[in-house]
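Enquirer: below is the structure, and that's it, no one-letter string:
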């Protein structure tokens, strides 16, 4: 395997955009990314599209060439990757693998989702397709209720409290309020977060990520060629994808995600670093409890300590290890297929010193964790300033 | 009918399209006495982790449980 670098990134703002369709979002992110990496469309040798449910949300299938040709990328392999909420991260992983293996030099990834054209109950139903439709979902569950059941058990086993969950929402909203591209730029208080409208006990609306439209893109190339494209390459030091059961009731212990632990272990080994070395991270806070468990599964803290760790401010922008300086899925927004790619863009922005008001001082080693469904897919990426 | 203990549970207020008329309702993962776990609905009184439950019926492939005498 040869060293690989991210040479270009680009994103749309995230939000509810009634006048934007899937293609215009994907093209905006893709064109920004091509310009950012000073890559001509004809130089792209392989194209990956991360998208969860375009066929259900907007009625369009065959999405990869639909998007790549609109970007002027013609003739090359163009592949859609679907892995629920980890679609973007998985697309990035597969593009990285091709470049690392020497199959292609320049591979592009676009992640996109257009969700707000459907009413919320229909969105819940489409998202539920990423669970076990013959079992847990047929019983009337939603993704919020699956993570509510995870939260309940985590509270039972470790003493995690509602205040711990709420602290994650407060922190991510504080970060997102400073992000001009975030969906919900609103500071919230702990009281507000604790007294939100119930969605699935113990989770309220403030524990849940947003239903958003948006796209994000990245271009990968061998590190040895990075200087041809950019003076600010970001190295992919370690990356891995892992899998687990789709159905929550198949798991022995729902308070931990084995796919996260496996992907993290492989990514740390590849990068030659340990959890304690990671300076900052973009974690998959689809629900507040997911960020708490991610800090445990990634080894930032011991099992059961993720709640107090967040509540103590350790993951705040001025904390020991900032998490989700972008605002996370909670405040930045969660256009499902775009999320995993946007995490890469957000790490790159910090590493390039381009994070504006959210810029943190220690930003040379960062980690992204992108979770699919209730943990059946996980992609962990460790990036480093070149 | 099957019996077991509540492994975890939630009360759902924001339901998917097909179940909006039922909300709020409780779902749970039940650790079965015969081994394994199953996801189902709770009828009647709300249950909490470690409560004992018994299956009362099956509708559309979904098991429905009710709180049982605690042991």
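Expert: It's in. Computed from a predicted structure; not experimentally measured.
Enquirer: spit out the contact partners of the most far-flung residue of chain A relative to its centre.
Expert: The outermost residue of chain A relative to its centre, with distances by Cα atoms, centre = their mean, is residue A:75 at 29.0 Å. Residue A:75 makes contact with no residue under the criterion Cβ atoms under 8 Å, 6 or more residues apart in numbering or on different chains. Using the backbone N, CA and C atoms, a C-beta is placed for each residue, glycine as well.
Enquirer: any regions of chain B where pLDDT drops low?
Expert: Within chain B, no stretch falls below the threshold (pLDDT under 70).
Enquirer: rewinding a little: how much space between the residue farthest from the centre of chain A and residue A:97?
Expert: For residue A:75, the distance to residue A:97 (Cβ to Cβ, to the nearest Å) stands at 21 Å.
Enquirer: what does residue A:56 give?
Expert: In this structure, residue A:56 and residue A:97 are separated by 28 Å, where distance is defined by Cβ to Cβ.
Enquirer: quick check: buried residues in stretch A:119-130?
Expert: With burial defined by 16 or more other Cβ atoms under 10 Å in any protein chain shown, the residues of stretch A:119-130 counted as buried are A:121, A:123-128, A:130.
Enquirer: would you turn those residues into CSV with pLDDT and distance to chain B?
Expert: Putting these into CSV (pLDDT from 0 to 100; distance: Cβ to the nearest Cβ, whole Å) gives the following:
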residue, pLDDT, distance to chain B
A:121, 84, 4
A:123, 91, 9
A:124, 86, 4
A:125, 88, 4
A:126, 94, 9
A:127, 94, 8
A:128, 92, 5
A:130, 96, 12
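Enquirer: ok, then the element right after the longest strand seen in chain B?
Expert: For chain B, the strand reaching the highest residue count under DSSP state E is reported as strand B:3-12. The first helix or strand that comes after strand B:3-12 along the chain, using DSSP states H and E, is strand B:25-32.
Enquirer: tell me what the following helix or strand past that next one is packed against?
Expert: Per DSSP H and E, strand B:25-32 leads on to strand B:37-43 as the next helix or strand towards the C-terminus. Counting contacts by 3 or more Cβ pairs under 8 Å, 6 or more residues apart in numbering or on different chains; DSSP states H and E, strand B:37-43 packs against strand B:25-32, strand B:52-59, strand B:62-67.
Enquirer: paired strands for strand B:37-43, with orientation please.
Expert: Here the strand partners of strand B:37-43, with direction, are listed using DSSP bridges: strand B:25-32 (antiparallel), strand B:62-67 (parallel).
Enquirer: dump the ones you listed to CSV, plus mean neighbour count and distance to residue A:336.
Expert: Formatted as CSV, the strands paired with strand B:37-43 follow (neighbours: other Cβ atoms under 10 Å in any protein chain shown; distance: least, Cβ to Cβ, whole Å):
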stretch, mean neighbour count, distance to residue A:336
strand B:25-32, 23, 23
strand B:62-67, 20, 26
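Enquirer: mind putting those strands into a markdown table with distance to residue A:9?
Expert: Formatted as a markdown table, those follow (distance: least, Cβ to Cβ, whole Å):
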| stretch | distance to residue A:9 |
| --- | --- |
| strand B:25-32 | 40 |
| strand B:62-67 | 45 |
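Enquirer: what packs against the longest strand of chain B?
Expert: For strand B:3-12, the elements it packs on are helix A:143-158, strand A:198-200, strand B:25-32, strand B:52-59, judged by 3+ Cβ pairs under 8 Å, 6+ apart.
Enquirer: can you say which of the ones you listed is nearest to residue A:261?
Expert: With distances scored as Cβ to Cβ, the stretch of the helices and strands packed on strand B:3-12 nearest to residue A:261 is helix A:143-158 (15.2 Å).
Enquirer: do the closest one and chain B meet?
Expert: Yes - for helix A:143-158 and chain B, the contact criterion (Cβ under 8 Å from any Cβ of the partner chain) is met by A:144-145, A:148-150, A:152-153, A:156.
Enquirer: ditto for stretch A:46-62
Expert: No - with Cβ under 8 Å from any Cβ as the measure, stretch A:46-62 is seen stopping short of chain B, the closest distance being 12.2 Å.
Enquirer: could you pull up the mean pLDDT of that stretch?
Expert: Per-residue pLDDT over stretch A:46-62 has a mean of 97.
Enquirer: now stretch A:131-148
Expert: The average pLDDT for stretch A:131-148 rounds to 96.
Enquirer: what's the first-to-last distance across that stretch?
Expert: 14 Å (Cα to Cα, to the nearest Å).
Enquirer: got the contact list for that stretch?
Expert: Contacts made with stretch A:131-148 from outside it, assessed by Cβ under 8 Å, 6+ apart, are listed as A:124, A:127-130, A:199-203, A:207-208, A:246-249, A:286-287, A:289-290, A:373-374, B:10, B:12, B:14-16, B:18-19, B:22, B:25, B:27, B:29, B:38-41, B:60-62.
Enquirer: just the buried ones from those residues, in PyMOL syntax?
Expert: Provided next is the PyMOL selection string for whichever of the contacts of stretch A:131-148 are buried by 16+ other Cβ under 10 Å:
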select buried, (chain A and resi 124+127+128+130+199+200+201+202+203+207+208+246+247+248+249+286+287+289+290+373+374) or (chain B and resi 10+12+14+15+16+19+25+27+29+38+39+40+41+62)
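Enquirer: residue A:379 - nearest residue in space that isn't next to it in sequence?
Expert: In space, residue A:379 comes closest to residue A:89 once its chain neighbours are excluded; the distance is 3.3 Å by Cβ to Cβ, 6 or more residues apart in numbering or on different chains.
Enquirer: isn't the one you found right up against residue A:367?
Expert: No - with contacts defined as Cβ atoms under 8 Å, residue A:89 does not count as touching residue A:367, sitting 11.9 Å away.
Enquirer: what's the overlap in contacts for the two?
Expert: residue A:381.
Enquirer: neighbour count for the two, which is higher?
Expert: When neighbours are counted by other Cβ atoms under 10 Å in any protein chain shown, residue A:89 comes out ahead of the other of residue A:89 and residue A:367, with 34 against 30.
Enquirer: wait, what's in contact with that one?
Expert: For residue A:89, counting by Cβ under 8 Å, 6+ apart, the contacting residues are A:50, A:83, A:241, A:339-341, A:343, A:368, A:370, A:372, A:378-379, A:381.
Enquirer: what sits against residue B:60?
Expert: Under the criterion of Cβ under 8 Å, 6+ apart, the contact partners of residue B:60 comprise residue A:138.
Enquirer: give me the nearest residue to the residue located most distally from the centre of chain B, chain neighbours excluded.
Expert: Summary for chain B: using Cα atoms, centre = their mean, the residue whose C-alpha lies farthest from the chain's mean C-alpha position is residue B:17, with a distance of 20.0 Å. Nearest in space to residue B:17, with sequence neighbours left out and distances taken as Cβ to Cβ, 6+ apart, is residue A:121 at 4.1 Å.
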